[in-house]
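> I'd like to go over a predicted model; first the sequence, then the structure.
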Amino acid sequence: MLGILGGLFYFLIALGILVTIHELGHFLAAKACGVKVLRFSLGFGPVLFKKKGKDNCEYAVSAIPLGGYVKMEGENTPIEDRSSLPKGSYKSKKVWQRAIIIFAGPFFNLVLAVFLFTYINMSGITQLLPVVGDVKPESIAQTSGFKDYDLIESINGKNITSWKDVMYELVEVVGSTTPASVTVSSDLGTGQKRVLSLDASNIVLNRNESPIKKVGLEPCLGRISTTLSMVEKGSPAQKASLKLGDEIAKINGVEMSSWYRIVDMIHDSNGAPLNLVVKRDGSLYQTTVVPENKYSEKTKMTVPYVGIAPEFKPIDGLRKTTRYGLVDALIKAVSDSASMAKLVLVSTYKLANGTISADNISGPIAIAQGAKESASFGFKIFISFLAAISVNLGILNLMPIPVLDGGQLLFLAYEAVMRKEPSARTQMILTSFGAAILLTMMIFAVFNDIKGF
(Lines give C-alpha, C1' and ligand atoms only; values in the text may rest on other atoms or scores of the structure.)
Protein backbone atom coordinates (compact mmCIF):
# COMPACT_ATOMS: atom_id res chain seq x y z
CA MET A 1 0.00 0.00 0.00
CA LEU A 2 2.84 2.39 0.89
CA GLY A 3 4.50 1.56 -2.46
CA ILE A 4 1.32 2.50 -4.33
CA LEU A 5 0.97 5.75 -2.37
CA GLY A 6 4.65 6.54 -2.97
CA GLY A 7 4.21 6.00 -6.69
CA LEU A 8 1.10 8.19 -6.71
CA PHE A 9 2.92 10.94 -4.78
CA TYR A 10 5.87 11.14 -7.18
CA PHE A 11 3.57 10.72 -10.19
CA LEU A 12 1.56 13.78 -9.10
CA ILE A 13 4.75 15.78 -8.53
CA ALA A 14 6.11 14.86 -11.97
CA LEU A 15 2.78 15.42 -13.72
CA GLY A 16 2.19 18.69 -11.88
CA ILE A 17 5.56 20.08 -13.02
CA LEU A 18 5.17 18.90 -16.63
CA VAL A 19 1.57 20.09 -17.01
CA THR A 20 2.32 23.46 -15.39
CA ILE A 21 5.22 24.09 -17.75
CA HIS A 22 3.20 22.93 -20.79
CA GLU A 23 0.20 25.14 -20.02
CA LEU A 24 2.49 28.02 -19.06
CA GLY A 25 3.83 27.90 -22.62
CA HIS A 26 0.31 28.29 -24.07
CA PHE A 27 -0.52 30.97 -21.48
CA LEU A 28 2.55 33.18 -22.04
CA ALA A 29 2.30 32.87 -25.83
CA ALA A 30 -1.38 33.84 -25.71
CA LYS A 31 -0.55 36.87 -23.57
CA ALA A 32 2.30 37.86 -25.90
CA CYS A 33 -0.06 37.69 -28.89
CA GLY A 34 -2.66 39.85 -27.14
CA VAL A 35 -5.21 37.09 -26.49
CA LYS A 36 -7.40 37.37 -23.41
CA VAL A 37 -7.01 34.27 -21.21
CA LEU A 38 -10.16 33.42 -19.27
CA ARG A 39 -8.84 30.47 -17.23
CA PHE A 40 -5.54 28.76 -16.49
CA SER A 41 -6.34 25.35 -14.98
CA LEU A 42 -4.18 22.55 -13.66
CA GLY A 43 -6.30 19.42 -14.06
CA PHE A 44 -9.67 18.77 -15.69
CA GLY A 45 -13.21 18.42 -14.39
CA PRO A 46 -14.79 20.12 -11.35
CA VAL A 47 -12.85 23.11 -10.05
CA LEU A 48 -11.46 22.56 -6.54
CA PHE A 49 -9.85 25.98 -6.13
CA LYS A 50 -9.92 29.18 -8.15
CA LYS A 51 -8.72 32.73 -7.81
CA LYS A 52 -9.04 35.65 -10.21
CA GLY A 53 -5.84 37.57 -10.89
CA LYS A 54 -5.32 41.24 -11.63
CA ASP A 55 -5.40 40.38 -15.33
CA ASN A 56 -8.98 39.04 -14.86
CA CYS A 57 -7.74 35.52 -15.63
CA GLU A 58 -9.14 32.79 -13.38
CA TYR A 59 -6.39 30.56 -12.01
CA ALA A 60 -7.77 27.16 -11.01
CA VAL A 61 -6.93 23.69 -9.74
CA SER A 62 -9.36 21.02 -10.97
CA ALA A 63 -10.25 17.57 -9.69
CA ILE A 64 -8.73 15.27 -12.35
CA PRO A 65 -4.90 15.71 -12.26
CA LEU A 66 -4.21 14.18 -15.68
CA GLY A 67 -3.54 17.35 -17.63
CA GLY A 68 -4.62 20.97 -17.71
CA TYR A 69 -5.86 23.65 -20.04
CA VAL A 70 -5.78 27.33 -20.95
CA LYS A 71 -9.19 28.73 -21.87
CA MET A 72 -8.96 31.70 -24.24
CA GLU A 73 -11.66 34.11 -25.28
CA GLY A 74 -13.37 33.12 -28.52
CA GLU A 75 -11.25 30.03 -29.18
CA ASN A 76 -14.29 27.99 -30.21
CA THR A 77 -16.01 30.78 -32.18
CA PRO A 78 -16.19 30.10 -35.95
CA ILE A 79 -14.44 32.69 -38.10
CA GLU A 80 -17.01 34.36 -40.35
CA ASP A 81 -15.92 37.96 -40.17
CA ARG A 82 -12.59 38.41 -38.35
CA SER A 83 -13.14 42.17 -38.12
CA SER A 84 -16.25 41.62 -35.99
CA LEU A 85 -14.40 39.54 -33.38
CA PRO A 86 -13.30 41.19 -30.11
CA LYS A 87 -9.70 42.40 -30.12
CA GLY A 88 -8.60 39.93 -27.42
CA SER A 89 -10.26 36.95 -29.08
CA TYR A 90 -8.10 33.95 -30.07
CA LYS A 91 -9.78 33.70 -33.47
CA SER A 92 -9.11 37.38 -34.17
CA LYS A 93 -5.41 36.64 -34.43
CA LYS A 94 -3.58 35.65 -37.59
CA VAL A 95 -2.83 32.01 -38.32
CA TRP A 96 0.88 32.33 -37.48
CA GLN A 97 0.04 33.89 -34.09
CA ARG A 98 -2.39 31.10 -33.24
CA ALA A 99 0.21 28.54 -34.37
CA ILE A 100 2.74 30.08 -31.97
CA ILE A 101 0.22 29.82 -29.11
CA ILE A 102 -0.46 26.14 -29.86
CA PHE A 103 3.20 25.24 -30.45
CA ALA A 104 4.37 26.99 -27.27
CA GLY A 105 3.06 24.23 -24.96
CA PRO A 106 5.13 21.35 -26.40
CA PHE A 107 8.03 23.75 -26.97
CA PHE A 108 8.12 24.64 -23.26
CA ASN A 109 8.28 20.91 -22.42
CA LEU A 110 11.34 20.61 -24.66
CA VAL A 111 12.87 23.72 -23.07
CA LEU A 112 12.27 22.21 -19.62
CA ALA A 113 14.09 19.05 -20.72
CA VAL A 114 17.07 21.11 -21.92
CA PHE A 115 17.13 22.98 -18.59
CA LEU A 116 17.01 19.72 -16.58
CA PHE A 117 19.67 18.01 -18.72
CA THR A 118 21.88 21.10 -18.32
CA TYR A 119 21.63 20.76 -14.53
CA ILE A 120 22.50 17.05 -14.74
CA ASN A 121 25.48 17.71 -17.03
CA MET A 122 26.84 20.43 -14.74
CA SER A 123 26.40 18.36 -11.57
CA GLY A 124 28.28 15.42 -13.10
CA ILE A 125 27.43 12.32 -15.13
CA THR A 126 28.84 8.92 -14.21
CA GLN A 127 28.68 6.60 -17.21
CA LEU A 128 29.60 2.97 -17.71
CA LEU A 129 31.86 2.73 -20.73
CA PRO A 130 30.41 0.60 -23.57
CA VAL A 131 32.66 -2.41 -22.93
CA VAL A 132 31.17 -5.83 -23.67
CA GLY A 133 31.09 -8.07 -20.60
CA ASP A 134 29.56 -11.12 -22.24
CA VAL A 135 28.36 -12.30 -25.64
CA LYS A 136 25.48 -14.77 -25.46
CA PRO A 137 26.09 -18.01 -27.40
CA GLU A 138 24.20 -18.35 -30.70
CA SER A 139 23.08 -14.72 -30.48
CA ILE A 140 23.11 -12.07 -33.19
CA ALA A 141 26.05 -10.43 -31.40
CA GLN A 142 28.09 -13.65 -31.49
CA THR A 143 27.27 -14.16 -35.18
CA SER A 144 28.42 -10.56 -35.82
CA GLY A 145 31.80 -11.24 -34.20
CA PHE A 146 31.55 -9.45 -30.85
CA LYS A 147 34.04 -10.61 -28.19
CA ASP A 148 34.21 -10.16 -24.42
CA TYR A 149 35.92 -6.86 -23.44
CA ASP A 150 35.34 -5.25 -26.85
CA LEU A 151 34.91 -1.48 -26.56
CA ILE A 152 32.08 -0.24 -28.80
CA GLU A 153 33.33 2.96 -30.46
CA SER A 154 30.66 3.76 -33.06
CA ILE A 155 27.42 2.48 -34.60
CA ASN A 156 26.62 3.58 -38.17
CA GLY A 157 29.15 6.39 -37.82
CA LYS A 158 27.62 7.72 -34.58
CA ASN A 159 30.24 8.13 -31.84
CA ILE A 160 29.42 5.94 -28.83
CA THR A 161 30.53 6.91 -25.31
CA SER A 162 28.09 5.02 -23.07
CA TRP A 163 25.64 2.12 -22.98
CA LYS A 164 22.85 4.68 -23.21
CA ASP A 165 24.21 5.66 -26.63
CA VAL A 166 24.28 1.97 -27.60
CA MET A 167 20.64 1.55 -26.55
CA TYR A 168 19.51 4.63 -28.52
CA GLU A 169 21.27 3.43 -31.69
CA LEU A 170 20.08 -0.18 -31.38
CA VAL A 171 16.45 0.93 -31.12
CA GLU A 172 16.93 2.51 -34.53
CA VAL A 173 18.77 -0.56 -35.88
CA VAL A 174 16.28 -3.27 -34.80
CA GLY A 175 13.96 -4.28 -37.62
CA SER A 176 16.07 -2.46 -40.21
CA THR A 177 16.82 -4.44 -43.37
CA THR A 178 20.22 -2.73 -43.58
CA PRO A 179 22.84 -4.24 -41.23
CA ALA A 180 24.45 -1.79 -38.82
CA SER A 181 28.15 -1.04 -39.08
CA VAL A 182 29.70 -1.30 -35.60
CA THR A 183 33.30 -0.30 -34.86
CA VAL A 184 34.88 -2.01 -31.85
CA SER A 185 38.34 -2.29 -30.32
CA SER A 186 39.39 -5.41 -28.42
CA ASP A 187 40.91 -5.61 -24.91
CA LEU A 188 39.01 -2.65 -23.39
CA GLY A 189 39.85 -0.47 -26.39
CA THR A 190 43.61 -1.06 -26.36
CA GLY A 191 43.69 -3.83 -28.97
CA GLN A 192 42.82 -4.37 -32.59
CA LYS A 193 40.07 -2.26 -34.15
CA ARG A 194 37.41 -4.16 -36.10
CA VAL A 195 34.30 -3.22 -38.08
CA LEU A 196 31.40 -5.62 -37.49
CA SER A 197 28.13 -6.03 -39.37
CA LEU A 198 25.12 -6.37 -37.05
CA ASP A 199 21.96 -7.71 -38.72
CA ALA A 200 19.00 -7.03 -36.41
CA SER A 201 16.31 -7.22 -39.10
CA ASN A 202 14.41 -10.07 -37.44
CA ILE A 203 14.32 -8.63 -33.93
CA VAL A 204 11.02 -7.66 -32.28
CA LEU A 205 11.24 -5.93 -28.90
CA ASN A 206 8.65 -7.25 -26.46
CA ARG A 207 7.58 -5.52 -23.24
CA ASN A 208 10.50 -4.22 -21.16
CA GLU A 209 13.04 -5.94 -23.42
CA SER A 210 16.37 -4.17 -23.81
CA PRO A 211 17.71 -4.05 -27.38
CA ILE A 212 21.18 -4.57 -25.88
CA LYS A 213 20.22 -7.89 -24.29
CA LYS A 214 18.07 -8.81 -27.28
CA VAL A 215 21.07 -8.84 -29.63
CA GLY A 216 23.01 -10.87 -27.03
CA LEU A 217 25.27 -8.34 -25.29
CA GLU A 218 25.89 -7.75 -21.59
CA PRO A 219 27.65 -4.61 -20.31
CA CYS A 220 30.97 -5.23 -18.58
CA LEU A 221 30.83 -4.42 -14.85
CA GLY A 222 34.25 -5.89 -14.09
CA ARG A 223 35.97 -9.25 -14.38
CA ILE A 224 33.41 -11.81 -13.19
CA SER A 225 34.43 -15.45 -12.85
CA THR A 226 32.45 -18.67 -12.44
CA THR A 227 34.04 -19.17 -9.01
CA LEU A 228 31.83 -18.59 -5.97
CA SER A 229 32.65 -15.81 -3.52
CA MET A 230 29.44 -16.24 -1.51
CA VAL A 231 27.03 -19.01 -0.62
CA GLU A 232 24.06 -17.66 1.31
CA LYS A 233 23.20 -19.39 4.58
CA GLY A 234 20.11 -21.57 4.32
CA SER A 235 19.95 -21.11 0.55
CA PRO A 236 19.35 -23.83 -2.07
CA ALA A 237 23.09 -23.59 -2.88
CA GLN A 238 24.09 -24.39 0.71
CA LYS A 239 21.59 -27.24 0.82
CA ALA A 240 23.32 -28.60 -2.31
CA SER A 241 26.67 -28.46 -0.40
CA LEU A 242 28.17 -25.69 -2.55
CA LYS A 243 31.09 -23.87 -0.87
CA LEU A 244 33.18 -20.71 -1.27
CA GLY A 245 35.83 -21.20 -3.94
CA ASP A 246 33.79 -23.74 -5.91
CA GLU A 247 33.98 -23.22 -9.66
CA ILE A 248 30.81 -24.13 -11.56
CA ALA A 249 31.97 -26.00 -14.66
CA LYS A 250 28.71 -27.37 -16.08
CA ILE A 251 24.96 -27.10 -15.55
CA ASN A 252 22.77 -29.85 -17.03
CA GLY A 253 25.71 -30.93 -19.16
CA VAL A 254 26.30 -27.47 -20.65
CA GLU A 255 29.72 -25.88 -20.12
CA MET A 256 29.57 -22.61 -18.19
CA SER A 257 31.89 -20.25 -20.06
CA SER A 258 30.87 -17.22 -18.00
CA TRP A 259 28.84 -16.14 -14.98
CA TYR A 260 26.13 -14.83 -17.30
CA ARG A 261 25.57 -18.41 -18.58
CA ILE A 262 25.03 -19.52 -14.97
CA VAL A 263 22.52 -16.70 -14.37
CA ASP A 264 20.67 -17.59 -17.59
CA MET A 265 20.48 -21.27 -16.67
CA ILE A 266 19.11 -20.51 -13.21
CA HIS A 267 16.64 -17.98 -14.58
CA ASP A 268 15.43 -20.36 -17.31
CA SER A 269 15.04 -23.28 -14.89
CA ASN A 270 11.62 -22.12 -13.62
CA GLY A 271 12.46 -23.87 -10.35
CA ALA A 272 13.39 -27.26 -11.90
CA PRO A 273 16.40 -29.11 -10.40
CA LEU A 274 19.79 -28.24 -11.91
CA ASN A 275 22.59 -30.83 -12.16
CA LEU A 276 25.92 -29.13 -11.48
CA VAL A 277 29.50 -30.20 -12.11
CA VAL A 278 31.74 -28.29 -9.70
CA LYS A 279 35.55 -27.96 -9.56
CA ARG A 280 36.83 -28.04 -5.97
CA ASP A 281 40.48 -28.38 -4.97
CA GLY A 282 41.39 -29.72 -8.41
CA SER A 283 38.69 -32.38 -8.46
CA LEU A 284 35.24 -32.56 -10.04
CA TYR A 285 32.11 -33.05 -7.96
CA GLN A 286 28.48 -33.48 -8.97
CA THR A 287 25.54 -32.06 -7.07
CA THR A 288 21.94 -31.02 -7.67
CA VAL A 289 20.51 -27.67 -6.67
CA VAL A 290 16.79 -26.90 -6.64
CA PRO A 291 16.12 -23.17 -7.19
CA GLU A 292 13.43 -21.53 -5.08
CA ASN A 293 11.10 -18.89 -6.46
CA LYS A 294 11.77 -15.57 -4.74
CA TYR A 295 10.41 -12.04 -5.27
CA SER A 296 13.09 -9.61 -6.47
CA GLU A 297 12.74 -5.98 -5.39
CA LYS A 298 15.12 -5.00 -8.20
CA THR A 299 13.13 -6.54 -11.06
CA LYS A 300 9.71 -6.52 -9.33
CA MET A 301 9.33 -10.13 -10.44
CA THR A 302 9.36 -13.57 -8.85
CA VAL A 303 12.50 -15.31 -10.12
CA PRO A 304 14.35 -18.59 -9.44
CA TYR A 305 16.84 -18.09 -6.60
CA VAL A 306 19.89 -20.18 -5.64
CA GLY A 307 21.83 -17.90 -3.26
CA ILE A 308 25.30 -17.60 -4.79
CA ALA A 309 27.57 -14.77 -5.95
CA PRO A 310 30.70 -14.83 -8.14
CA GLU A 311 34.24 -13.63 -7.58
CA PHE A 312 34.46 -10.09 -8.92
CA LYS A 313 37.47 -7.95 -9.79
CA PRO A 314 36.88 -4.29 -10.71
CA ILE A 315 38.43 -2.83 -13.85
CA ASP A 316 39.99 0.61 -13.50
CA GLY A 317 38.50 3.28 -15.76
CA LEU A 318 35.33 1.34 -16.58
CA ARG A 319 33.22 4.13 -15.10
CA LYS A 320 33.82 7.73 -16.04
CA THR A 321 32.43 10.83 -14.32
CA THR A 322 32.29 14.04 -16.37
CA ARG A 323 31.27 17.51 -15.19
CA TYR A 324 30.59 20.21 -17.76
CA GLY A 325 30.79 23.97 -17.60
CA LEU A 326 27.61 25.95 -18.28
CA VAL A 327 28.08 26.43 -22.04
CA ASP A 328 29.20 22.84 -22.72
CA ALA A 329 26.46 21.52 -20.42
CA LEU A 330 23.85 23.49 -22.35
CA ILE A 331 25.17 22.30 -25.73
CA LYS A 332 25.14 18.68 -24.53
CA ALA A 333 21.65 19.17 -23.05
CA VAL A 334 20.34 20.24 -26.47
CA SER A 335 22.02 17.17 -28.00
CA ASP A 336 20.59 14.90 -25.24
CA SER A 337 17.09 16.30 -25.81
CA ALA A 338 17.41 15.87 -29.58
CA SER A 339 18.56 12.26 -29.13
CA MET A 340 15.64 11.56 -26.81
CA ALA A 341 13.19 13.18 -29.26
CA LYS A 342 14.60 11.05 -32.08
CA LEU A 343 14.21 7.94 -29.88
CA VAL A 344 10.53 8.82 -29.26
CA LEU A 345 9.86 9.27 -33.00
CA VAL A 346 11.74 6.11 -34.02
CA SER A 347 10.05 4.06 -31.27
CA THR A 348 6.61 5.36 -32.30
CA TYR A 349 7.27 4.43 -35.93
CA LYS A 350 8.48 0.97 -34.93
CA LEU A 351 5.45 0.48 -32.69
CA ALA A 352 3.32 1.21 -35.76
CA ASN A 353 5.15 -1.30 -37.99
CA GLY A 354 5.36 -3.99 -35.30
CA THR A 355 9.14 -3.99 -34.78
CA ILE A 356 8.48 -2.92 -31.19
CA SER A 357 5.63 -4.82 -29.56
CA ALA A 358 2.53 -2.84 -28.58
CA ASP A 359 2.99 -4.36 -25.11
CA ASN A 360 5.61 -1.65 -24.60
CA ILE A 361 2.96 1.10 -24.58
CA SER A 362 2.83 2.35 -21.00
CA GLY A 363 0.28 4.42 -19.13
CA PRO A 364 -0.03 6.34 -15.87
CA ILE A 365 0.62 3.31 -13.63
CA ALA A 366 3.97 2.58 -15.29
CA ILE A 367 4.88 6.30 -15.20
CA ALA A 368 3.99 6.43 -11.50
CA GLN A 369 6.16 3.35 -10.87
CA GLY A 370 9.01 4.91 -12.86
CA ALA A 371 8.68 8.17 -10.93
CA LYS A 372 8.82 6.36 -7.58
CA GLU A 373 11.77 4.15 -8.57
CA SER A 374 13.77 7.05 -10.03
CA ALA A 375 13.16 9.10 -6.88
CA SER A 376 14.38 6.18 -4.74
CA PHE A 377 17.76 6.37 -6.54
CA GLY A 378 18.17 10.05 -5.70
CA PHE A 379 17.30 13.56 -6.84
CA LYS A 380 19.50 13.50 -9.96
CA ILE A 381 17.94 10.28 -11.29
CA PHE A 382 14.44 11.68 -10.67
CA ILE A 383 15.40 14.84 -12.57
CA SER A 384 16.70 12.69 -15.44
CA PHE A 385 13.39 10.77 -15.48
CA LEU A 386 11.48 14.06 -15.49
CA ALA A 387 13.54 15.34 -18.44
CA ALA A 388 12.86 12.16 -20.44
CA ILE A 389 9.11 12.31 -19.77
CA SER A 390 9.08 16.02 -20.66
CA VAL A 391 10.61 15.27 -24.08
CA ASN A 392 8.07 12.46 -24.58
CA LEU A 393 5.20 14.78 -23.68
CA GLY A 394 6.47 17.53 -25.98
CA ILE A 395 7.00 15.27 -29.01
CA LEU A 396 3.82 13.20 -28.60
CA ASN A 397 1.75 16.37 -28.23
CA LEU A 398 3.00 17.51 -31.63
CA MET A 399 1.66 14.42 -33.39
CA PRO A 400 -1.02 15.35 -35.96
CA ILE A 401 -3.94 13.86 -34.03
CA PRO A 402 -6.94 16.13 -33.41
CA VAL A 403 -7.32 16.81 -29.66
CA LEU A 404 -3.52 17.07 -29.39
CA ASP A 405 -1.62 20.30 -30.13
CA GLY A 406 -0.31 18.72 -33.34
CA GLY A 407 -3.88 18.23 -34.55
CA GLN A 408 -4.68 21.88 -33.90
CA LEU A 409 -1.57 22.86 -35.87
CA LEU A 410 -2.83 20.65 -38.70
CA PHE A 411 -6.13 22.56 -38.75
CA LEU A 412 -4.19 25.84 -38.83
CA ALA A 413 -2.04 24.57 -41.74
CA TYR A 414 -5.24 23.77 -43.63
CA GLU A 415 -6.54 27.28 -42.91
CA ALA A 416 -3.27 28.86 -44.06
CA VAL A 417 -3.40 26.99 -47.38
CA MET A 418 -7.15 27.12 -48.08
CA ARG A 419 -7.71 30.61 -46.62
CA LYS A 420 -10.56 29.26 -44.50
CA GLU A 421 -11.06 27.07 -41.46
CA PRO A 422 -12.16 23.45 -41.81
CA SER A 423 -15.93 23.34 -41.32
CA ALA A 424 -17.22 22.94 -37.76
CA ARG A 425 -18.60 19.53 -38.72
CA THR A 426 -15.26 18.37 -40.12
CA GLN A 427 -13.43 19.56 -37.02
CA MET A 428 -15.97 17.84 -34.76
CA ILE A 429 -15.71 14.51 -36.65
CA LEU A 430 -11.90 14.56 -36.73
CA THR A 431 -11.67 15.63 -33.09
CA SER A 432 -14.03 12.83 -32.04
CA PHE A 433 -11.95 10.38 -34.07
CA GLY A 434 -8.74 11.67 -32.45
CA ALA A 435 -10.29 11.42 -28.99
CA ALA A 436 -11.34 7.82 -29.73
CA ILE A 437 -7.77 6.96 -30.77
CA LEU A 438 -6.33 8.49 -27.61
CA LEU A 439 -8.92 6.82 -25.38
CA THR A 440 -8.21 3.44 -27.00
CA MET A 441 -4.48 3.92 -26.55
CA MET A 442 -4.99 4.96 -22.91
CA ILE A 443 -7.13 1.91 -22.15
CA PHE A 444 -4.56 -0.33 -23.87
CA ALA A 445 -1.71 1.36 -21.94
CA VAL A 446 -3.48 0.93 -18.59
CA PHE A 447 -4.18 -2.72 -19.47
CA ASN A 448 -0.45 -3.19 -20.18
CA ASP A 449 0.40 -1.47 -16.89
CA ILE A 450 -1.92 -3.73 -14.90
CA LYS A 451 -0.68 -6.83 -16.73
CA GLY A 452 2.94 -5.94 -15.92
CA PHE A 453 2.34 -4.60 -12.40
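Received, thanks. Numbering: from 1, shown residues only.

> what's the pLDDT at the residue lying closest to residue 61 once chain neighbours are set aside?
Once flanking residues are discounted, residue 61 sits nearest to residue 49: 4.5 Å by Cβ to Cβ, 6 or more residues apart in numbering. Heads up, the C-betas are built off the backbone N, CA and C, glycines and all. Turning to residue 49, the model gives it a pLDDT of 89.

> where in the stretch 51-200 of the chain is pLDDT low?
Low-confidence segments of the stretch 51-200 of the chain (pLDDT under 70): 78-84.

> swap the cut-off to 50 and go again
Counting by pLDDT under 50, the stretch 51-200 of the chain shows no low-confidence range.

> what helix or strand does the residue lying closest to residue 291 once chain neighbours are set aside sit in?
Once flanking residues are discounted, residue 291 sits nearest to residue 304: 3.7 Å by Cβ to Cβ, 6+ apart. Using DSSP states H and E, residue 304 sits within strand 301-305.

> any idea how far that strand is from the middle of the chain?
24 Å (Cα atoms, centre = their mean, to the nearest Å).

> so after that strand, what's the next helix or strand?
Next element after strand 301-305 (DSSP H and E): strand 308-313.

> quick revisit: secondary structure class of the residue nearest to residue 61, three-state.
strand (DSSP: H, G, I helix; E, B strand; the rest coil).

> I'd say residue 48 and residue 62 touch.
Yes. Between residue 48 and residue 62 a contact is recorded at 6.3 Å, counting by Cβ atoms under 8 Å.

> coming back round to it: partner strands of the strand holding residue 304, with direction?
Paired neighbours of strand 301-305 in the sheet (DSSP bridges): strand 292-296 (antiparallel).

> for the strand it pairs with, what is the average pLDDT?
Mean predicted lDDT for strand 292-296 stands at 80.

> quick check: phi and psi on residue 255?
phi -70, psi 140 (degrees, to the nearest 10).

> can you pull the contacts of it?
Contact analysis of residue 255 by Cβ atoms under 8 Å, 6 or more residues apart in numbering lists residue 249.

> is it in a bridge, and if so with what?
residue 250.

> how about residue 125?
With DSSP bridges as the rule, residue 125 is bridged to residue 322.

> ok, longest helix in the protein?
helix 2-32 (DSSP state H).

> buried ones in that helix, by neighbour count?
6-8, 10-11, 14-15, 18-27, 29-30 (16 or more other Cβ atoms under 10 Å).

> and stretch 317-333, by the same measure?
For stretch 317-333, by 16+ other Cβ under 10 Å, it's 318, 324, 329-330, 332-333.

> hmm, back to that, show me what the longest helix of the chain is packed up against.
Counting by 3 or more Cβ pairs under 8 Å, 6 or more residues apart in numbering; DSSP states H and E, the packing neighbours recorded for helix 2-32 are strand 37-52, strand 58-72, helix 95-123, helix 364-376, helix 379-397.

> now the angle from the helix or strand that the last one is followed by to helix 379-397?
Towards the C-terminus, the helix or strand next in line after helix 379-397, according to DSSP H and E, is helix 405-418. Computed with axes from the mean of the first three to the mean of the last three Cα atoms, to 10 degrees, the direction of helix 405-418 lies at 30 degrees from that of helix 379-397.

> quick check: buried residues in helix 405-418?
Buried, per 16+ other Cβ under 10 Å, within helix 405-418: 405-412, 414-415.

> about what we covered before: mind putting the helices and strands packed on helix 2-32 into JSON lines with distance to residue 419 and mean neighbour count?
Formatted as JSON lines, the helices and strands packed on helix 2-32 follow (distance: least, Cβ to Cβ, whole Å; neighbours: other Cβ atoms under 10 Å):
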{"stretch": "strand 37-52", "distance to residue 419": "27", "mean neighbour count": "15"}
{"stretch": "strand 58-72", "distance to residue 419": "23", "mean neighbour count": "17"}
{"stretch": "helix 95-123", "distance to residue 419": "10", "mean neighbour count": "21"}
{"stretch": "helix 364-376", "distance to residue 419": "41", "mean neighbour count": "19"}
{"stretch": "helix 379-397", "distance to residue 419": "27", "mean neighbour count": "21"}
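
> reformat these as a markdown table; add distance to residue 284.
Below are the helices and strands packed on helix 2-32 laid out as a markdown table (distance: least, Cβ to Cβ, whole Å):
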| stretch | distance to residue 284 |
| --- | --- |
| strand 37-52 | 67 |
| strand 58-72 | 61 |
| helix 95-123 | 51 |
| helix 364-376 | 43 |
| helix 379-397 | 45 |
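
> how about the buried residues of stretch 317-333, which pair is most distant?
Farthest apart among the buried residues of stretch 317-333 by Cβ to Cβ are 318 and 330. That separation is 28.2 Å.

> my read: the residue nearest to residue 291 touches residue 274, true?
No. Contact status for residue 304 versus residue 274: not in contact, 9.1 Å apart, counting by Cβ under 8 Å.

> who has more neighbours, the two?
residue 274 (22 against 19; other Cβ atoms under 10 Å).

> distance check, the closest residue to residue 295 other than its chain neighbours against residue 263.
Leaving out its chain neighbours, the residue that sits closest to residue 295 by Cβ to Cβ, 6+ apart is residue 302, at 5.1 Å. Note on residue 302: its distance to residue 263, by Cβ to Cβ, to the nearest Å, is 16 Å.

> the more surrounded of those two?
Remark: of residue 302 and residue 263, residue 263 carries more neighbours, 16 against 11, as counted by other Cβ under 10 Å.

> just to be sure, the more buried one is in a strand?
No. Using three-state DSSP, the secondary structure at residue 263 is helix, not a strand.

> from residue 407, how far out is it?
47 Å.
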